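Visitor: fold the following.
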Amino acid sequence: MKRPIFTFGLMPIVWHSLQDTLYLLFTHIIPIGLLVLALNTKAVFANEANEAEHAHHDEEPVSLTLSQMQKKHGNIAVRTLSFEPLTHSFTAVGEVKSNGYKSYIVSSRTDSVIMKRHVSLGDHVDEGQALVTLFSESIAQSQAEYLVNSATWHRIRQLPVGTVSDSEQFSARTQFNASLGKLKALGLSDKIIEQLNNGKMTDLGLFTLTAEQSGVVANDDFSQGQRVAAGDKIMVLSDERELWVEARFAPSVSTGIAKGMQATVLYDSKPFPAIVIQESHTIDPITRTKVIRLNVNNQSHQLHGGLFVDVVFRVQSQDKKLLVPRSALTRAADGDWQLMVETEQGVFIRQEVEYVEAFADRVEISGLAPGVRYAGSGAFFIASEFAKANFDTHNH
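Guide: The predicted structure follows:
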């Protein structure tokens, strides 16, 4: 069977179409692809070169060397990192009271009647100053006995030897000494007894109580003409140069306060140095609190009994921590905390640390071993010098 004639007629057309396609492929499409490939390769190499150049420029200085002048200008103080006890402070309300160890109760040693006062509440008195005059029948009788015994003894002493027996002399001397001791036991001063000997005191039974110490009249709850028994409180003298402050705490509170610990008393924003002198081991039956007593220096006489004050205690914990000043920490470029560590004299590097916890003006850190020397102050200045050095590197 013969094939159709038109089949052979199409062969020249197909061949020519194939030739045109191959011509188009080799003259246009392949050159364009090669050109695109070449451009992409050039771009890749250019990008890698740029990245390498940027990496070179982004390199920051590892260490920084500062001169003595720079360290002085930047107020740089180098410290050694070590474990330190943590000191925390807390405030309690306290009440100012008279110093019981330096207060004196003025009282009569026998039943008496108050005749006259010489000072009033709040007055400052000096040692030996007259406070109050009283009258006592027993003192009048004792003074009379003393005068008789004194005269007898002095008369016997002036007699020639052998005129009076030894027993009579001994009896006279003993009665004189006994009457003199009784006057002193009743509170009469040597000055009053001397006046009695010289005959300058005619009003027997009258006696004046004087100040045994300098201080302030803190209490004088009495009236003239009032009768007081032996030992009754007439006045209280208090030395206000040193006062007590009593701070109270709940029994369940563990303060960590110990005798001898330093504290600060604040009144009207003014500080007064104080020291803990006693920690009560009993509970106040009324307030159900325990008392911490402090001795406060009050040379300026600005504190007075009855005032309420704030007492600031500073207590050291038993646990030690790696602590640095807040000013020693700066932020790195990635936001982490860092210390400026001195590797050798005047040479600093940036060392990242972990910020653990803040305590007032200090911060607990981790990530470094004790013994490392670091910039305790002036860290911001060192960080700025690092930044300046990095800027100079980018613009070399």
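
Visitor: who are the packing partners of the top strand by length along the chain?
Guide: Identified as the longest strand of the chain according to DSSP state E is strand 308-325. Packing partners of strand 308-325 (3 or more C-beta pairs under 8 Å, 6 or more residues apart in numbering; DSSP states H and E): strand 83-97, strand 242-249, strand 262-267, strand 362-366, strand 373-377. C-beta: built from backbone N, CA, C; applies to glycine.

Visitor: how big is the angle separating the last one from strand 308-325?
Guide: With axes from the mean of the first three to the mean of the last three C-alpha atoms, to 10 degrees defining the directions, strand 373-377 sits at 140 degrees from strand 308-325.

Visitor: from the middle of its chain, how far away would whatever helix or strand comes next after strand 373-377 be?
Guide: Per DSSP states H and E, the first helix or strand lying C-terminal to strand 373-377 is helix 379-394. In this view, helix 379-394 has its centroid 38 Å away from the chain centroid, taken as C-alpha atoms, centre = their mean, to the nearest Å.

Visitor: what residues sit buried inside helix 379-394?
Guide: Residues of helix 379-394 classed as buried: 379-383, 385-386 (neighbour count, 16 or more other C-beta atoms under 10 Å).

Visitor: so can I have JSON lines of the residues you listed showing distance to Ala77 and pLDDT?
Guide: Output for the buried residues of helix 379-394, formatted as JSON lines (distance: C-beta to C-beta, whole Å; pLDDT from 0 to 100):
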{"residue": "Ala379", "distance to Ala77": "10", "pLDDT": "92"}
{"residue": "Phe380", "distance to Ala77": "13", "pLDDT": "92"}
{"residue": "Phe381", "distance to Ala77": "11", "pLDDT": "92"}
{"residue": "Ile382", "distance to Ala77": "12", "pLDDT": "92"}
{"residue": "Ala383", "distance to Ala77": "15", "pLDDT": "91"}
{"residue": "Glu385", "distance to Ala77": "16", "pLDDT": "88"}
{"residue": "Phe386", "distance to Ala77": "18", "pLDDT": "88"}
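
Visitor: which one among these gets closest to Ala140?
Guide: Nearest to Ala140 among these, counting by C-beta to C-beta, is Ala379 at 83.6 Å.

Visitor: can you tell me how far that closest one is from Thr330?
Guide: From Ala379 across to Thr330, the span is 5 Å (C-beta to C-beta, to the nearest Å).

Visitor: about what we covered before: I'd like the helices and strands packed on strand 308-325 laid out as CSV, including mean pLDDT and mean neighbour count.
Guide: Converted to CSV, these look like this (pLDDT from 0 to 100; neighbours: other C-beta atoms under 10 Å):
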stretch, mean pLDDT, mean neighbour count
strand 83-97, 85, 15
strand 242-249, 90, 21
strand 262-267, 91, 18
strand 362-366, 91, 17
strand 373-377, 93, 20
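
Visitor: closest to Ile76 out of those?
Guide: Here strand 373-377 is closest among those (C-beta to C-beta), at 5.4 Å.

Visitor: quick one: list the elements packing against the closest one.
Guide: Packing contacts for strand 373-377, counted by 3+ C-beta pairs under 8 Å, 6+ apart, involve strand 77-80, strand 308-325, strand 337-344.

Visitor: partners of the first one in the sheet?
Guide: What it means is strand 77-80. Paired with strand 77-80 in the same sheet, following DSSP bridges, are strand 373-377 (antiparallel).

Visitor: can you map out the helices along the stretch 151-300 of the chain?
Guide: For the stretch 151-300 of the chain, applying DSSP state H, counting those that start in this stretch gives helices covering 166-185, 190-197.

Visitor: lowest average confidence across those helices, which one?
Guide: In terms of average pLDDT, helix 190-197 trails the rest of the helices of the stretch 151-300 of the chain, at a mean of 83.

Visitor: so what touches it?
Guide: Contact with helix 190-197 is made by 143, 146-147, 150, 180, 183-184, 201, 207-208, as judged by C-beta atoms under 8 Å, 6 or more residues apart in numbering.

Visitor: what is the burial count for Lys320?
Guide: Close neighbours of Lys320, defined as other C-beta atoms under 10 Å, add up to 13.

Visitor: could you report the pLDDT at it?
Guide: Per-residue pLDDT puts Lys320 at 85.

Visitor: tell me what it is bridged to.
Guide: Pro85.

Visitor: surely it and Phe83 touch.
Guide: Yes. With contacts counted by C-beta atoms under 8 Å, Lys320 reaches Phe83, the gap being 3.9 Å.

Visitor: with just CA atoms, put stretch 300-308 into PDB.
Guide: The C-alpha coordinates for stretch 300-308 follow below in PDB (Å, rounded to 0.1, in the frame of the first residue of the first chain):
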ATOM      1  CA  SER A 300      22.800  69.400 121.600                       C
ATOM      2  CA  HIS A 301      19.800  68.900 124.000                       C
ATOM      3  CA  GLN A 302      17.400  68.600 121.000                       C
ATOM      4  CA  LEU A 303      15.800  65.400 122.300                       C
ATOM      5  CA  HIS A 304      13.600  65.200 125.300                       C
ATOM      6  CA  GLY A 305      11.800  62.500 127.200                       C
ATOM      7  CA  GLY A 306       8.400  61.500 125.800                       C
ATOM      8  CA  LEU A 307       9.300  62.300 122.100                       C
ATOM      9  CA  PHE A 308       8.500  59.600 119.500                       C
END
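
Visitor: what residues sit buried inside that stretch?
Guide: Result for stretch 300-308 [16+ other C-beta under 10 Å]: buried residues 303-305, 307.
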